[in-house]
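Undergrad: coords please:
(chains A, B, C, D and E)
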Amino acid sequence: MTTKVVQKILSNYETDNAGVKANLYRMLMQGKLGGTGKMIILPVDQGLEHGPARSFSVNPDAYDPHYHYQLAIDAGLNAYAAPLGMLEAGADKFAGQIPTILKVNSSNSWGTAANQALTGSVDDALRLGCSAIGFTIYPGSDDVFEMIEEIKELRNEAASVGIATVIWSYPRGGKLPKSGELALDVGAYAAHIAALIGAHIIKVKLPSAHIEQAEAKPCYEGTDWSAQSDRVKHVVQSCFAGRRLVVFSGGAAKGADAVYQDARDIRDGGGNGSIIGRNTFQRPRDEALAMLAKLVNIYKGKE
Amino acid sequence: MTTKVVQKILSNYETDNAGVKANLYRMLMQGKLGGTGKMIILPVDQGLEHGPARSFSVNPDAYDPHYHYQLAIDAGLNAYAAPLGMLEAGADKFAGQIPTILKVNSSNSWGTAANQALTGSVDDALRLGCSAIGFTIYPGSDDVFEMIEEIKELRNEAASVGIATVIWSYPRGGKLPKSGELALDVGAYAAHIAALIGAHIIKVKLPSAHIEQAEAKPCYEGTDWSAQSDRVKHVVQSCFAGRRLVVFSGGAAKGADAVYQDARDIRDGGGNGSIIGRNTFQRPRDEALAMLAKLVNIYKGKE
Amino acid sequence: MTTKVVQKILSNYETDNAGVKANLYRMLMQGKLGGTGKMIILPVDQGLEHGPARSFSVNPDAYDPHYHYQLAIDAGLNAYAAPLGMLEAGADKFAGQIPTILKVNSSNSWGTAANQALTGSVDDALRLGCSAIGFTIYPGSDDVFEMIEEIKELRNEAASVGIATVIWSYPRGGKLPKSGELALDVGAYAAHIAALIGAHIIKVKLPSAHIEQAEAKPCYEGTDWSAQSDRVKHVVQSCFAGRRLVVFSGGAAKGADAVYQDARDIRDGGGNGSIIGRNTFQRPRDEALAMLAKLVNIYKGKE
Amino acid sequence: MTTKVVQKILSNYETDNAGVKANLYRMLMQGKLGGTGKMIILPVDQGLEHGPARSFSVNPDAYDPHYHYQLAIDAGLNAYAAPLGMLEAGADKFAGQIPTILKVNSSNSWGTAANQALTGSVDDALRLGCSAIGFTIYPGSDDVFEMIEEIKELRNEAASVGIATVIWSYPRGGKLPKSGELALDVGAYAAHIAALIGAHIIKVKLPSAHIEQAEAKPCYEGTDWSAQSDRVKHVVQSCFAGRRLVVFSGGAAKGADAVYQDARDIRDGGGNGSIIGRNTFQRPRDEALAMLAKLVNIYKGKE
Amino acid sequence: MTTKVVQKILSNYETDNAGVKANLYRMLMQGKLGGTGKMIILPVDQGLEHGPARSFSVNPDAYDPHYHYQLAIDAGLNAYAAPLGMLEAGADKFAGQIPTILKVNSSNSWGTAANQALTGSVDDALRLGCSAIGFTIYPGSDDVFEMIEEIKELRNEAASVGIATVIWSYPRGGKLPKSGELALDVGAYAAHIAALIGAHIIKVKLPSAHIEQAEAKPCYEGTDWSAQSDRVKHVVQSCFAGRRLVVFSGGAAKGADAVYQDARDIRDGGGNGSIIGRNTFQRPRDEALAMLAKLVNIYKGKE
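TA: Take a look at the predicted model:
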């Protein structure tokens, strides 16, 4: 029942053990995009990052952790990612119905450093039946070395028990100006770092056409970066010439058309899919399901 | 002898092991509120936080650790919470008579950072026969990441031996102004963080109607938050739509009527009860017993 | 051969194991005050704290570690406390002749923080045959949380092998002014903290009648604190209403009459005795023995 | 098939175990320079240090990790050095074809301290079949003590499983001005530190004739340091009079003639070879192979 | 073949195990001073502290680690002390011919704190066949507590496998002015600290007659400290009244006569000998051997 495209993807993880590959396989074969090599993942870590009211008051059903499991299952997504408490509150009821990703570190509105707190562990991921752990690094932060060392150790521990690692690589902090966080060179570099430190799946933001680093400018000059799909292509290239899965985040809630266009650009640039949270769970359930159905079609090349 | 309401509460802890559930059960079934799903807990950590004279000179019998065990037992409370030394000095004499919660971290008047010292361990809780550990986090503090990581590890260690975890989530420090510590958005966020990092019982302060965070204001506008019971309801909602036990602290010693009104609001808002210390042990024993008897009646819906 | 008063004291350590109780018993039954519930302990950590010349040049025989063992034995004291090197240099020759307390942390004149270095361990205490470890905390210091966590761990480790813990609780540093270090409220608080974190024997300085903390003043107003014995009584009360042994330090070398009066006040206030160092080893041996003999008589109520 | 020169080199590692010697042997016997005691190593850590575009956009084939394995193999080099992700993405396909060095720490353009993050471990080196680990220290950095302690522990762990250690010793940071980073005294000192802390292979930059340290000037005065080969000789002397392997890095991409002259000077000064990255992988593959072939001839004394 | 003086020295280490005593014995019985209770030790850590050229360019043979082993053996010294790399490069060839001391921490010219890096371990000392480890503390440094804790742990680890500990106690840093580093009170205090934290052999600098600490001045007034031998006597007294071995360092290279006079003063003051590095290995080998022969004679009381 497996597909060639999925087998090709797995073959790129040549030094990973069968346990990790099985979990990558599980996520790649799940749901409506199963077998296509494309993925849509539902992440719900907004409550920890921004507080409950800012996350859920617009759609109060979403205060209940069961809501998100059910949404991801009903929409036929590939995986559901959330911090410890959110998964614990539903992992028994929905056991096995959808691959889960335990987000093991998290920031919050009170953090005064560009860093995060560890809020989950590989042991938690195992006992909750997760397929992967998720971890955010902030390239640019004064604490970037420490964050890299943390995920490096966690990734090895996870891999040793067959759990895959997803790295959220979000440039932020230190000597990097706010204006440069979405720059193309910065985003490609962030993706490359994630690949180099061992991410199985890399999650980055869709980059703009801005080039931030003076030393990097000559490498980008003379090429037209105005098409978002070209920028996606460069990020994919920066992940070992496409040997690693790369998914892109949707950012803050926005108009549906913009969400669809992003997905088309990710698809056309060779990206592996979307991680899309606020744009779904902050909409009424019916609207969210409709949007996700359309995104599935886009990734299948039907729209 | 168990009750439906207690079984319903336990069913929300779907991924917790039988040991943790047994200790939650023990606390929920103890004393005069046993089986109602409501709790009154006696906490005596004031001596460490504020010094002995400020805590006990008004009622000198309370210098003796045995006093508090006996008060909690005679009043028919659900549990007694205190730091290491207080429990050690009575745990043998009162073994089994009342569930105890070992407060494993504590501040003191001399601390110069918004943080606390670890003064107890899971091993201590085990040898003293405790049902739970208690831990304070200060969302807002510069050290909030560190505090979260500490309790995250302790909670898992405790759960692995069947001990439940109570998190005191008290916004304080860092970029949070004093005026915002009791704000509704801040308190709901603090409760949500506690739930997300794995608290079995969440302890917060009763919030005011003030909204502190600029980004959160739009989510609260258009709703009337003047009723304390509505604010309690929002906090309960922020704890996984009521899937986690939430108790509220009484704060500094105050008039008896205010104490009773707080309890009615907690009850009406769907909260699970009170943690009430200074308002009891700083009153003469007879007065304290009378007050606690009345609070029991309030939680039973009789007053 | 045991006495009721000693049995009563031991019964207060209700959750401690037999090993710890045996070592408390050993110290309480040793020497001329054996069985009375009172103790005199010889501490010699001045060399590390102030340097050798300031400690011993006035009585050069005291440069030799053997001198202090012999003094404590000949004076019939309850125990001898010193840092690692001092004990190692005599522990074999005097093995078993006097209970010893290994002071496991120490400051020195060069330390630039209100903290101390760990210079001994529980394993050291075991191999040197010690009855207890001694540890200083500085309530008030910026490092007070760290110091509390250190002794908390060491105390548990020590107790697990039957060794008792003596905590020197000396307010110092941080936001506490020099003028407040000896205040009554501060000293009672320091003693209470030591009790709460698990000290078996609490060592504090004799407090003055000054009240330092604004918030604590109302608790002390209306009482006459001019009698030193009343202040001792308040400190004893702050140690779990007398459930923990409390000894008082003599401070810098001073006139013999002042030393005797201190002992009478400690006795009359219900304290358990003196830790007296410089006032003995900085006097010629004969004078020191005479002074200690008289102190024994005072604690026996004969003078 | 071994050679006298290689046996002589191995004999200088008199206290190392057979496992470490076997891996040094493997690198010394590999490729076109096998048996000569000279080495050329391909390092590809530029992606992590400078970002993907600055490293590979000039030769886009080099985005693919397989490219570098193949280049090192086809050029007949002694070893290939890279960070974790780069090796993992090819270690299975090229297993055994070329000795590999896992670079276990790395900086990046975002680091704000003169330090690096640990991105690999000895266990990684073992499972990837590496012959050595590589580690950078920054003599001069405020963190130099910490970096030394890190590699000291890793080196012992590596040696205990028969893996050799290569130390990149690059003066930088702290009180060392930029102008002094390439000074002869500074470079010789950096090489000496690497030798003293246990490097099996020392990697330094080719030093200039500048002398940086005032205290060191008298030691260099009266000697003519204008010949680069003499400077190499002094560095070799500083590595235990030649008892340790020393290789020199080529620095930024530059003209081919300069690269050749450097190699001749290294050879004539008694150095053991080159680590050459950007000067090869940033050229088209054919040019790179031609350059490496010529470098081999230089080290063989044919050019 | 043992001597009474050596047996007397060993008897002062009354709580040390036979393994440690055997290694002290080995050093005390080695070479031309074997059995006299006096020692001359060759330390070669200058390369790490000051760089290779400043250490060895004046006598280039000394770049080779074998040179120093041979010098210590040929001169009939008691022991040879050096950092890891220096010992590893000769420990096999000279195995057993001379007791060695592994210097396990070291500073370097680039360190910006008054601290050192750990560059060796007890396991290293064991595998290299060393009799002792050496460790420097800086009384006065802001990091003095940390350094004390490091050596305290290492000393116990070493002792547990029968290896002795030599502490270099060098006042430096923090609130101690440069002018006070050699003061008599400061040096005696430094020696006393080393004794108290468990040094088997104490290494200090020869003190001047200056008294640095205001509080210590009264203890030194009224005594004539102009004779260096009297100052040595005070340091010896400060090391448990002579119960610990004390050796003195020679400092920077200087005239031979000054070196000889220092030795006579050490001998006459009851010190146990010299650690002498730069004054020997920075002279031509023949001169160094002649100087060492004369020093042996001085310690034997023949000159």
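Undergrad: just to check, residue A:132 is in contact with residue A:201?
TA: Yes - between residue A:132 and residue A:201 there is a contact at 7.1 Å, judged by Cβ atoms under 8 Å. (Glycine included, C-beta is placed from N, CA and C.)
Undergrad: between those two, which contacts overlap?
TA: When contacts are counted by Cβ atoms under 8 Å, 6 or more residues apart in numbering or on different chains, residue A:132 and residue A:201 have A:164-166 as shared neighbours.
Undergrad: between the residues you listed, which is nearest residue E:101?
TA: Residue E:101 has its nearest neighbour among the shared contacts of residue A:132 and residue A:201 in residue A:165, at 46.0 Å by Cβ to Cβ.
Undergrad: tell me which element the residue lying farthest from the centre of chain A is part of?
TA: Farthest-out residue of chain A from its mean C-alpha position, per Cα atoms, centre = their mean: residue A:222, at 30.9 Å. Element membership of residue A:222, judged by DSSP states H and E, is empty: it is in no helix or strand.
Undergrad: and it, how close does it get to residue A:211?
TA: Look at residue A:222 and residue A:211: by Cβ to Cβ, to the nearest Å, they are 12 Å apart.
Undergrad: residue A:24 too?
TA: The value you get for residue A:24 to residue A:211, if Cβ to Cβ is used, is 33 Å.
Undergrad: are we agreed that residue A:173 is in a helix?
TA: No - Residue A:173 is assigned coil when assessed by DSSP: H, G, I helix; E, B strand; the rest coil, not a helix.
Undergrad: state the distance from it to chain C.
TA: Per Cβ to the nearest Cβ, to the nearest Å, residue A:173 is found 27 Å from chain C.
Undergrad: residues near that residue, how many?
TA: Using other Cβ atoms under 10 Å in any protein chain shown, residue A:173 is surrounded by 20 other residues.
Undergrad: the one 3 residues further on too?
TA: Summarising burial for residue A:176: neighbours were counted as other Cβ under 10 Å, giving 23.
Undergrad: that one is in contact with residue A:189, isn't it?
TA: No - if you go by Cβ under 8 Å, residue A:176 and residue A:189 don't touch, sitting 10.5 Å apart.
Undergrad: okay, and the common contacts of the two?
TA: Residues touching both residue A:176 and residue A:189 (Cβ under 8 Å, 6+ apart) are residue A:139.
Undergrad: end-to-end on stretch A:16-36?
TA: End-to-end distance of stretch A:16-36 (Cα to Cα, to the nearest Å): 21 Å.
Undergrad: how about it: buried residues?
TA: A:16, A:20-21, A:23-34, A:36 (16 or more other Cβ atoms under 10 Å in any protein chain shown).
Undergrad: neighbouring contacts of it?
TA: Contact partners of stretch A:16-36, identified using Cβ under 8 Å, 6+ apart, comprise A:1-3, A:5-6, A:9-10, A:13, A:37, A:39-40, A:75-79, A:98-99, A:131-132, A:159, A:161-164, A:200-201, A:245, A:273, A:293, A:296, A:299-300, D:88.
Undergrad: filter the residues you listed to the buried ones?
TA: Taking 16+ other Cβ under 10 Å as the criterion, what is buried in the contacts of stretch A:16-36 is A:6, A:9-10, A:13, A:37, A:39-40, A:75-79, A:98-99, A:131-132, A:159, A:162-164, A:200-201, A:245, A:273, A:296, A:299, D:88.
Undergrad: now, the residues you listed that are in helices?
TA: A:6, A:9-10, A:159, A:296, A:299, D:88 (DSSP state H).
Undergrad: can I get those in a markdown table including pLDDT and distance to chain E?
TA: Below are those laid out as a markdown table (pLDDT from 0 to 100; distance: Cβ to the nearest Cβ, whole Å):
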| residue | pLDDT | distance to chain E |
| --- | --- | --- |
| A:6 | 97 | 48 |
| A:9 | 98 | 45 |
| A:10 | 97 | 42 |
| A:159 | 98 | 29 |
| A:296 | 98 | 57 |
| A:299 | 98 | 53 |
| D:88 | 98 | 31 |
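Undergrad: how about the strands of the stretch 101-250 of chain A, start to end?
TA: Assigned by DSSP state E, counting those that start in this stretch, the stretch 101-250 of chain A shows strands spanning A:105-106, A:117-118, A:132-137, A:164-169, A:201-205, A:245-249.
Undergrad: a markdown table for these, including distance to chain E and mean pLDDT?
TA: Listed next are those as a markdown table, based on distance: least, Cβ to the nearest Cβ, whole Å; pLDDT from 0 to 100:
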| stretch | distance to chain E | mean pLDDT |
| --- | --- | --- |
| strand A:105-106 | 29 | 94 |
| strand A:117-118 | 26 | 94 |
| strand A:132-137 | 28 | 97 |
| strand A:164-169 | 32 | 98 |
| strand A:201-205 | 36 | 98 |
| strand A:245-249 | 40 | 97 |
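Undergrad: name the nearest residue to the residue positioned nearest the centre of chain A, sequence neighbours excluded.
TA: By Cα atoms, centre = their mean, chain A has its centre lying nearest to residue A:203, at 3.9 Å. Take residue A:203 and drop its neighbours on the chain: the residue closest to it by Cβ to Cβ, 6 or more residues apart in numbering or on different chains is residue A:168, 4.7 Å away.
Undergrad: measure the one you found to residue B:77 for me?
TA: 45 Å.
Undergrad: pLDDT weak spots in the stretch 151-300 of chain A?
TA: Applying pLDDT under 70 to the stretch 151-300 of chain A flags the ranges A:251-252.
Undergrad: would you mind naming what in it lies close to chain D?
TA: Neighbours of chain D within the stretch 151-300 of chain A, by Cβ under 8 Å from any Cβ of the partner chain: A:152, A:156, A:171, A:174-176, A:185, A:188-189, A:192-193, A:195-199, A:213, A:215-216, A:219-220, A:234, A:237-238, A:240-241, A:243.
Undergrad: if we check chain E, which of these are in contact?
TA: Applying Cβ under 8 Å from any Cβ, the subset of those adjacent to chain E is empty.
Undergrad: buried subset of these, written for PyMOL?
TA: Buried residues among these (16+ other Cβ under 10 Å), as a PyMOL selection:
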select buried, chain A and resi 152+156+171+174+176+185+188+189+192+193+195+196+197+198+199+213+216+219+220+234+237+238+240+241+243
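Undergrad: next, the nearest residue to residue A:184 once chain neighbours are set aside: phi, psi?
TA: Once flanking residues are discounted, residue A:184 sits nearest to residue A:207: 4.4 Å by Cβ to Cβ, 6+ apart. Torsion angles at residue A:207 (phi, psi; degrees, to the nearest 10) stand at phi -80, psi 160.
Undergrad: run through the residues that contact residue A:207.
TA: Contact analysis of residue A:207 by Cβ under 8 Å, 6+ apart lists A:182-184, A:186-188, A:231, A:235.
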